[in-house]
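1. need a structure here:
(2 chains)
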Amino acid sequence: MLDEIKIIIHNGKQFITDPKNVQLPKPFRGRPEISTVKVDENKLVELCPVSAISANPVRIDLGKCTFCGECAFRFPEKITFTTDYKLSTNIPERLIVKEGENLPIEIDREAIRPEIKDIFKNSFKLRQVSAGGDNSAEFELNACGNANFDMGRYGIEFVASPRHADGILVTGPITESMAEAVEIAWKAVPEPKVFILCGTDAISGGIFAGSKALNREFLNRIKVDLYIPGNPPHPLNIENGLLDLIGR
Amino acid sequence: MTDKNQNICRVKNNSVTGLNIIPVYSYADFSSLVVELLSKDQNHCVNYFAFPDKNGLKFIAAIADDTAGDIILLSHFLASSESKQLNSLTPKIIALHIFEREIFENYGIDFKDHPWLKPVRFPHDRFDRNLKVNDYPFYKINSHELHEVGVGPVHAGIIEPGHFRFICNGENVLHLEIQLGWQHRGVEALMLEKKQLLQRVIISESIAGDTAVGHSLAFAQLMETLGDIKISEQLMVERAIALELERIAIHVGDIAALCTDVAYGLGANIFAILRTGIINYTQSWCGNRLGKGMIRPGGINLPFTNDHKERLLEVLSKFEFQFVELAHRTYKLSSVENRFDDIGTVDEKLIRTIGGVGMTARMANVNRDIRSSHPFAGYIEFPIAPVILPKGDVFSRFLLRRKEIKRSIAWIRNILENCNFDIPSGKPPSEIQLKPDSFAISLTEGWRGEICHCAITDETGSLMFYKIKDPSMHNWKALELSLRNLEISDFPINNKSYNLSYCGYDL
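-> Numbering: from 1, shown residues only, chains lettered A, B, ... in the order given. Modelled structure (predicted):
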């Protein structure tokens, strides 16, 4: 018993007291900012491995970005990655960062469907489904529940069955083999329910976009309530996205 | 180089060979050579695959000689006009079962007398498109006394998909069969379809997110080999530090997960917190907690500096103190020990039979560690001795992690004391011209075990074929066999004690 107490004391206080205001150290790559400096835009566009950058005006689509940082390494005067980890939103257009604008990425509370707005404020249970990613988003989702990030303190938890869940959170680009399972899991969740895409590969396919092994047809038939970009998304990004969605 | 007397081609890790240098044998000679080589304990198969080549299929086997530190390359050519039925080598060398299954699935080669010729991952370009992922032919036993338990692909928790089928007699598991493939997203095909070097780098980081460094390192080494690019010893050391940090982080996370499964809350929580310290350090170096963005062929964007060195020494000493203190308590707790001891044992003989690698081999008295047998990166200048444990049960897998963490810390510390990083390593090139008509192989030792990447170029120096092997390819069979004659409730601790990769296997 004394040993255990010693261990606890030596570890000290570990939880992040306010996940909404954390200063992550550089070179963490969060929300990019694009200056109005003129550069060879064609070169910049060609450079991006996932076609997330478009020209005139220069924009970066965070739904496609893998945060490799190559554009900032090559064009430091044009693009910088800030340490702002809050990247989640319910509006796809807000994932597009435009030259010279440099606004924070936020949820549009007015656009949240009325049937899911406010009712999950004190308890939000999600069923996660992996659909072909590289297990990195899962790694960070698990981290959200550990003693550092402790998402459970807000009543947000991942549950074992879709029947116990208020929504589905999908990671991965949705493979042909998992397409049916994702849909079955979604149908098994009682109404009203929330659908979340977590990670760049879930949002756009990411680096796997265009692979013949994917089947993303289900996404054409569903309203996505939250996009959490990142490769993988940082736990603080996930946590803040979910908190904003439920209105806490 | 080719040994004149025996016509055997032996190469070193991270080397390039002209495709026409690899001896092509008749299937009969190929078979007898492979069987002869793999009958020796010092050799094991690191890769065996086929690829379409000029009106036929070329088979290449890469066999590691762990004593000499060589890789033996053999090949066989099967013209499309020839029969697609070949004698299976699996009855003699069981470790080849998974590779023959893969060749069968991809190209429809019928390996005669293969005892388990089943699909591997249902790739989108498989030979038999009519066979669907839901039609996997599970082994069945007809008996009124037995029942089957099917779990997955979606599991209870934040975990990747796989389907586990248990055949049970009451609580006892007689047989477990694991069907994978749900994560298949076409990684190997994408490696060829996407032409930009950076695209391929990012694919290599996304083979298995928890092994981003291990896989992207194998890819980077392969590109450097094919592009004849020499990197500095300092960069080699930086990469090995990154790889050891990945090992420490995942190992300590797995120790936490095992504590969770035996309801030891203190261990579950604090080991997980300790992992955070390590991956946050990795983030402060390369901007990503999993080491994405770290490894680039021919250079590094965010080099390791003396400032990083000072901080790493601080992080490690804090980590080590807390880790040792908690491990000292955890590993002697009778409630933990009783639960793990003598559970899920796979002995040395079994591991050799199925060709287990990495941790799965070392916990059962089999010395397989690419860092020491086929050194690469910083392990050439700074050797590291593998940790070997004799028993092969869950406790051995639990204990191996503790010992490997300690060894990795000591190894990094020794490097930091011996190296300085005054001049930062250089930036990576944007493209690399690859040598034409060549075969290159790269092995690294990720935290799970050996990772093997092979690349083949055509006459213009474009990638013609890319083959990835995650250690899980060999090791899933060990988990299946561990479960035999255990209670089904022992599955979670066994599963976590291996922590094998779904996405690395499914590709």
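
2. Distance from the longest strand anywhere in chain A to the middle of the chain?
-> Longest strand in chain A, counting residues (DSSP state E): strand A:124-130. Put simply, strand A:124-130 sits 14 Å off its chain's centre (CA atoms, centre = their mean, to the nearest Å).

3. which outside residues touch that strand?
-> A:138, A:141, A:154-162, A:164-172, A:178, A:181-182, A:185, A:189, A:194, A:196, A:198, A:242, A:246, B:154, B:158-161, B:183, B:502 (CB atoms under 8 Å, 6 or more residues apart in numbering or on different chains). Placement of C-beta: from N, CA and C, glycine included.

4. Just the buried ones from the residues you listed, in PyMOL syntax?
-> Of the contacts of strand A:124-130, the buried ones can be selected in PyMOL as follows, counting by 16 or more other CB atoms under 10 Å in any protein chain shown:
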select buried, (chain A and resi 138+141+154+156+158+162+165+166+167+168+169+170+171+172+178+181+182+185+189+194+196+198+242+246) or (chain B and resi 154+158+159+160+161+183+502)
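
5. Inside strands: which ones of the contacts of strand A:124-130?
-> Using DSSP E, the contacts of strand A:124-130 in strands are A:Ile156, A:Glu157, A:Phe158, A:Gly167, A:Ile168, A:Leu169, A:Val170, A:Thr171, A:Val194, A:Ile196, A:Cys198.

6. leaving aside the residues next to it on the chain, what's closest to the residue in chain A positioned nearest to chain B?
-> At 2.7 Å from chain B, A:Ser136 is the closest residue in chain A, using CB to the nearest CB. Spatially, and ignoring its direct neighbours in sequence, A:Ser136 is nearest to B:Gly209 (2.7 Å; CB to CB, 6 or more residues apart in numbering or on different chains).

7. Repeat that for B:Asn499.
-> That would be B:Asp254: by CB to CB, 6+ apart, it lies 5.2 Å from B:Asn499.

8. I'd say the one you found and B:Arg402 touch.
-> No. Using CB atoms under 8 Å as the test, B:Asp254 is too far from B:Arg402 to be in contact (10.4 Å).

9. Just want to know which of these two has more residues nearby.
-> B:Asp254 (22 against 19; other CB atoms under 10 Å in any protein chain shown).

10. can you tell me which residues contact the more buried one?
-> B:Arg401, B:Lys496, B:Ser497, B:Asn499.

11. What of B:Arg296?
-> Neighbouring residues of B:Arg296 by CB under 8 Å, 6+ apart: B:Val201, B:Ala220, B:Pro428.

12. Can you add neighbour count, secondary structure and pLDDT and give the residues you listed back as CSV?
-> CSV is the format used below for the contacts of B:Arg296 (neighbours: other CB atoms under 10 Å in any protein chain shown; DSSP: H, G, I helix; E, B strand; the rest coil; pLDDT from 0 to 100):
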residue, neighbour count, secondary structure, pLDDT
B:Val201, 24, helix, 97
B:Ala220, 29, helix, 97
B:Pro428, 23, coil, 95
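
13. so which of those residues are also by chain A?
-> Residues of the contacts of B:Arg296 in contact with chain A (CB under 8 Å from any CB of the partner chain): B:Val201.

14. Looking at the contacts of B:Arg296, which is nearest B:Tyr281?
-> Taking CB to CB as the measure, B:Ala220 is the one of the contacts of B:Arg296 closest to B:Tyr281, at 21.2 Å.

15. If we ignore the residues flanking it in sequence, what's nearest the closest one?
-> Leaving aside its sequence neighbours, B:Ala220 sits nearest to B:Pro297 (CB to CB, 6+ apart; 4.3 Å).

16. same check, this time on B:Asp110
-> Closest to B:Asp110 by CB to CB, 6+ apart is B:Gln85, at 4.5 Å.

17. Contact partners for the closest residue to B:Arg289 other than its chain neighbours?
-> Take B:Arg289 and drop its neighbours on the chain: the residue closest to it by CB to CB, 6+ apart is B:Ile279, 4.2 Å away. The neighbours of B:Ile279, taking CB under 8 Å, 6+ apart as the test, are B:Ala249, B:Arg289, B:Leu290.

18. same check, this time on B:Gly108
-> B:Lys84, B:Phe127, B:Asp128.

19. Can you give me the neighbour number for the residue in the stretch 251-400 of chain B that chain A sits nearest to?
-> Closest approach between the stretch 251-400 of chain B and chain A, counting by CB to the nearest CB: B:Gly287, at 4.1 Å. Residues lying near B:Gly287 (other CB under 10 Å) number 26.

20. Against chain A, how distant is B:Glu145?
-> From B:Glu145 over to chain A the distance is 30 Å, taken as CB to the nearest CB, to the nearest Å.

21. Surely that residue is within a strand?
-> No. Read with DSSP: H, G, I helix; E, B strand; the rest coil, B:Glu145 is coil and lies in no strand.

22. My read is that it contacts B:Asn169, right?
-> Yes. Between B:Glu145 and B:Asn169 there is a contact under CB under 8 Å: 6.4 Å.

23. Give me the common contacts of these two.
-> With CB under 8 Å, 6+ apart, B:Glu145 and B:Asn169 have no common neighbours.

24. what about whichever residue of the stretch 201-350 of chain B sits closest to chain A, how many neighbours?
-> Using CB to the nearest CB, B:Gly209 is the residue of the stretch 201-350 of chain B that sits closest to chain A, at 2.7 Å. A count of neighbours around B:Gly209, defined by other CB under 10 Å, yields 25.

25. on that earlier part again, what pLDDT is listed against the residue nearest to B:Ala220?
-> On pLDDT, B:Pro297 comes in at 97.

26. before we move on, what about B:Asn5?
-> At B:Asn5, pLDDT is 47.

27. how much space between the nearest residue to A:Arg163 once chain neighbours are set aside and B:Val154?
-> Spatial nearest neighbour of A:Arg163, chain neighbours left out: A:Ala188 (5.9 Å); criterion: CB to CB, 6+ apart. In this view, A:Ala188 and B:Val154 are 10 Å apart by CB to CB, to the nearest Å.

28. so A:Ser161 makes contact with B:Ala156?
-> Yes. If you go by CB under 8 Å, A:Ser161 and B:Ala156 touch, sitting 7.0 Å apart.

29. Overlap in contacts, the two.
-> Residues touching both A:Ser161 and B:Ala156 (CB under 8 Å, 6+ apart): none.

30. before we move on, the earlier item: Provide the count of other residues in contact range of the residue nearest to B:Asp110.
-> A total of 10 residues lie near B:Gln85 under the criterion other CB under 10 Å.

31. List the contacts of it.
-> Residues in contact with B:Gln85 (CB under 8 Å, 6+ apart) are B:Ile109, B:Asp110, B:Phe111, B:Lys112.

32. which of the residues in the longest helix along chain B are buried?
-> In chain B, taking DSSP state H as the definition, the longest helix is helix B:233-261. In terms of neighbour count (16+ other CB under 10 Å), helix B:233-261 has its buried residues at B:234-261.

33. and what of stretch A:86-98?
-> Result for stretch A:86-98 [16+ other CB under 10 Å]: buried residues A:Lys86, A:Leu87, A:Ser88, A:Thr89, A:Asn90, A:Arg94, A:Leu95, A:Ile96, A:Val97.
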